[in-house]
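In: Attaching a predicted model along with its sequence, questions to come.
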Amino acid sequence: MTTTTLAVLVPLLPFLGAVAGLLLGRTAPGFVRPLAVLPPLAALGLAVVVAVRQGGEQAVSAATELTPTGSVPIELALYIDGFAALVAVLVGLVATCVQVYSTGYLRNDPRYPSYAALVSLFTSAMLLVVYSGDLMVLLVGWEIMGICSYFLVGHYWETPEARAASIKAFLVTKLGDVPFLIGLFALATDAGSFRITKILGNVASGGLDHPTLIALLLLAGVAGKSAQFPLHTWLPDAMAGPTPVSALIHAATMVAAGVYFVARLLPVFAASSAALVVLAVMAAVTMAGSALAALAQDDIKRVLAYSTIGQLGYMTGALAVGDRGAAVFHLLSHGAFKALLFLGAGVIIHAAGTNSLAAMSRMKDLRARVPDAYWTMTVALLALAAIPPFSGFFTKEAVLGAAEHVATGHAEGIPGAVGWIVLVAGLVTALLTAAYAMRLWLLAFRGHGPEAPDHGRQPIVMNAVLWVLAVPSLAFGLATGPLPDWFDGRDLTPTLTTSVLGTGVALVGGIITYGAWRHTMAMAARVPMGAVAAHPEGDAGLVEAEAIASHAPAYGDVASAPDPADPGRLLLGPLHRHAAVGFHLDAVYAALFVRPVQAAATLVRFLDREVVDTYVRGAGALPRWLGTAVRRAQTGNLQTYVSALLAGTVVLVVAALLVATAGA
Amino acid sequence: MHLAYPAVLSALLFSTGLYGVLARRNAILVLMSVELMLNAVNLNLVAFDVWLSKTAQDTLHSGQALTLFTIAIAAAEIGIGLAIVLAVHRNRGTADIDKLRDTAETDDDSEPDDSGAARPEPAEKAEATA
């Protein structure tokens, strides 16, 4: 088969799997698991074949016209360059891991068939975004991901947190998608095509009339999808969904779509230095703010969610300094280790019966209960903290190196200030990242107190997936050498200055956190704490749903716990209170948008009930009054009726006579 | 005989009947008044038939034929009418039209459909059936 045929099959197989899963879910439950696992696995295999055939050479491009629109045609187009080939492999890998993991994680879940089908549909949409060479087709995948995310976040729709989180995720991403759509139209109008190749050719010849406007409109959609400031608030709340969903959607793929989109169209953004500055500031604020917030979270998954936001900030930072190779490099390694972190967190939540770090820090020997998760998560956290020789070190240094390259004025067309913003924010974030990674590791695995409860071994599929993902987290750094051939050819090896600086601040962050933890550890015994799920013997999905539902009642908030033994509390000091709630951004949104909308809704309700309805009621009242008046004539006395009849006759006769005589 | 005599007589008869229909309270008297009005019309029909047959050489005597019909119909009508009055009198114990006002609209807006059919005085009814 030709590469094009294979590439078409890659998004198609999971789609067919999703359709079959939805149709057969009830009638043939035996087919659900094979239908969930095999299509992503086949897509992964095909994506690898496509990547090998493409081999970083000339991009594979094919197109057939889908709709003659009269103006700008919409084409079913493929465009597979090195970026697309590699990102598709990542998507296939993570999706397969997540589907395999879900068979164990949601073993007894009654809604597993629809869940698995939605995950497959989501995978297919992401692969469509990755391979698509036409922006309209890309938008289709983009929106399908949005709606799948809505359904999957709301998987535990019995809990109010999940319902609120799914609606919030949907609305916030849609808020970005509206300007995104307008931006796409503006871009296509300027370039005369939705085809990415034609647009890039047009940009190269300087054919864009409004580069800044288009770039900023597109950035809104990217910020919504990739959870960048100020549209990132949905991601921490989306942790109310099942853990595999968090791993697939909110760590490895969907949030990566925004970054990937910018990487594809980087020349459009690079055409406007204002857009690059905005991108850099957005990345810097996102990185630093999310890292601070991650340090204050109590829910283990929310820590990882803020960490995802921060790592995506690194990627947008790399894009702001014009190095999409570094951005996608970090995207690939982050996809692997963040999926691993989330899946490991799912195992921990199942074993501990709680998602609260404060409760975990009061359990002894939790690591002995989940040895696989312990070792793999240690690897992934080291990769997250960018400690050499783990994969995160190479990819983060590539980003910092690119920033330094721009900051020292070696890049043309990109302001040096952009480089400085990204570099400084990146270094600060490296420090904070190491700190929260250390804190998570210490609280989860180095607890003191009563023995952790023993619920037997975790399902083998869940542990096996962790080891599969640990391999790229550990060894992806080896790809530093060959990868530039796949990307733009720019060198990705770490430079000495940024390596020493980055690793240094990371080590400092880790050591400071360790010191703080030693200091606060003694307090943990004095403040007993811990609420565990009511059914620890159930499957992992049930335990997690109960843990999320009981966090707010037990600790007063979904995000934080009043734990004086938390090293993050000591490190952040007075900032902790604000960081725990995401720097009050939700409250600001509530004041700026939610309350005005609610007030407007109240006004509309008043207008409808009191003004419009008054007219409607009035229209009914007038005939009723008339009817009442006419009914009075019905006296029941026959003679009255006959008198009226006579009177009427007389009047008619007189009238007829008058007319007759007048006419005569 | 001049046409004016029967015409005036029939007008008087009709007026008397009309007065009876409008003013009498007993249903039988009202029926009798209706008969008066019918007969006033019959008188008119016959008188004008004679007058027409004289002046217009109308030999069909359609007025007289129509009168025969009217008399037959009036007989049937008064038979049914008297039977109804009798039945009402048996049920209600009275033939006074002023008291037979069951179809009157009441001021009671809450039950507009119930126009008094459910309101016959039970005592009267019991008396009537006894």
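Out: That came through, no problem.

In: Who are the contact partners of the residue nearest the centre of chain B?
Out: Centre of chain B computed as the mean C-alpha position; nearest residue by C-alpha atoms, centre = their mean is residue B:34, 3.1 Å away. Contacts for residue B:34 (C-beta atoms under 8 Å, 6 or more residues apart in numbering or on different chains) come out as B:17, B:21, B:77-78, B:81. Placement of C-beta: from N, CA and C, glycine included.

In: ChimeraX command for the buried members of those?
Out: Buried subset of these, written as a ChimeraX selection, criterion 16 or more other C-beta atoms under 10 Å in any protein chain shown:
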select /B:17,21,78,81
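
In: The contacts of residue B:34: which ones sit near chain A?
Out: residue B:21 (C-beta under 8 Å from any C-beta of the partner chain).

In: so where do the helices sit in chain B?
Out: Using DSSP state H, the helices of chain B run over B:4-23, B:27-55, B:62-92, B:122-129.

In: Compute the inter-axis angle for the third one and helix B:27-55.
Out: In terms of direction (axes from the mean of the first three to the mean of the last three C-alpha atoms, to 10 degrees), helix B:62-92 departs from helix B:27-55 by 180 degrees.

In: Low-confidence stretches in the stretch 501-650 of chain A?
Out: A:524-539, A:556, A:558-560 (pLDDT under 70).

In: Could you show which parts of it are in contact with chain B?
Out: A:628, A:631-639, A:642-643, A:646.

In: Pull out the buried members of those.
Out: The buried subset of those - by 16+ other C-beta under 10 Å - is A:636-639.

In: nearest to chain B, of those residues?
Out: Taking C-beta to the nearest C-beta as the measure, chain B lies nearest residue A:636 of these, at 2.8 Å.

In: A helix includes that closest one, no?
Out: No. Under DSSP: H, G, I helix; E, B strand; the rest coil, residue A:636 falls outside any helix and is assigned coil.

In: For it, give its distance to residue B:105.
Out: 8 Å (C-beta to C-beta, to the nearest Å).

In: Check residue A:183 too.
Out: 70 Å.

In: Of these two, give the one with the bigger neighbour count.
Out: The residue with more neighbours, out of residue A:183 and residue B:105, is residue A:183; 23 against 16, by other C-beta atoms under 10 Å in any protein chain shown.

In: Can you name the next helix or strand after the helix or strand the more buried one falls within?
Out: Using DSSP states H and E, residue A:183 sits within helix A:160-191. Moving toward the C-terminus from helix A:160-191, the next helix or strand (DSSP H and E) is helix A:196-204.

In: Report the rounded mean pLDDT for that next one.
Out: For helix A:196-204, the mean per-residue pLDDT is 85.

In: Put the alpha carbons of that helix into CSV.
Out: The C-alpha coordinates for helix A:196-204 follow below in CSV (Å, rounded to 0.1, in the frame of the first residue of the first chain):
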residue,chain,number,x,y,z
ILE,A,196,-1.5,24.4,4.8
THR,A,197,1.1,24.1,2.0
LYS,A,198,-0.4,26.9,0.0
ILE,A,199,-0.8,29.1,3.1
LEU,A,200,2.8,28.6,4.0
GLY,A,201,3.9,29.3,0.4
ASN,A,202,1.8,32.4,0.5
VAL,A,203,3.4,33.5,3.8
ALA,A,204,6.9,32.9,2.5
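
In: Where in chain A is the helix or strand with the lowest mean pLDDT?
Out: helix A:540-555 (a mean of 73; mean pLDDT, DSSP states H and E).

In: What angle do helix A:160-191 and that helix make with each other?
Out: Going by the same axes, to 10 degrees, helix A:540-555 makes 110 degrees with helix A:160-191.

In: From the contact counts, what lies against helix A:540-555?
Out: Contact here means 3 or more C-beta pairs under 8 Å, 6 or more residues apart in numbering or on different chains; DSSP states H and E; on that basis helix A:540-555 packs against helix A:82-105, helix A:160-191, helix A:324-352.

In: between the ones you listed, which gets nearest to chain B?
Out: helix A:160-191 (44.7 Å).

In: Tell me how far the closest one lies from the chain's centre.
Out: 12 Å (C-alpha atoms, centre = their mean, to the nearest Å).

In: average pLDDT across that helix?
Out: Rounded mean pLDDT across helix A:160-191 is 88.

In: Pull the number of nearby residues for residue A:23.
Out: 14.

In: List the buried residues in the helix or strand it falls within.
Out: Assigning secondary structure by DSSP H and E places residue A:23 in helix A:3-24. Within helix A:3-24, the residues scored as buried using 16+ other C-beta under 10 Å are A:3, A:6-15, A:17-18, A:20-22, A:24.

In: Between the buried ones among the residues of the stretch 501-650 of chain A next to chain B, which sits nearest residue A:132?
Out: residue A:636 (81.9 Å; C-beta to C-beta).

In: got the contact list for the closest one?
Out: B:100-105, B:116.

In: Compare those and tell me which has the most neighbours.
Out: residue B:100 (18 neighbours).

In: That residue and residue A:22, how far apart?
Out: The value you get for residue B:100 to residue A:22, if C-beta to C-beta is used, is 73 Å.

In: what's the farthest-apart pair in the contacts of residue A:636?
Out: Farthest pair in these, by C-beta to C-beta: B:100 and B:105, 15.2 Å.

In: Mean pLDDT lowest where, among the helices of chain B?
Out: When I compare the helices of chain B, helix B:122-129 is least confident, with a mean of 46.
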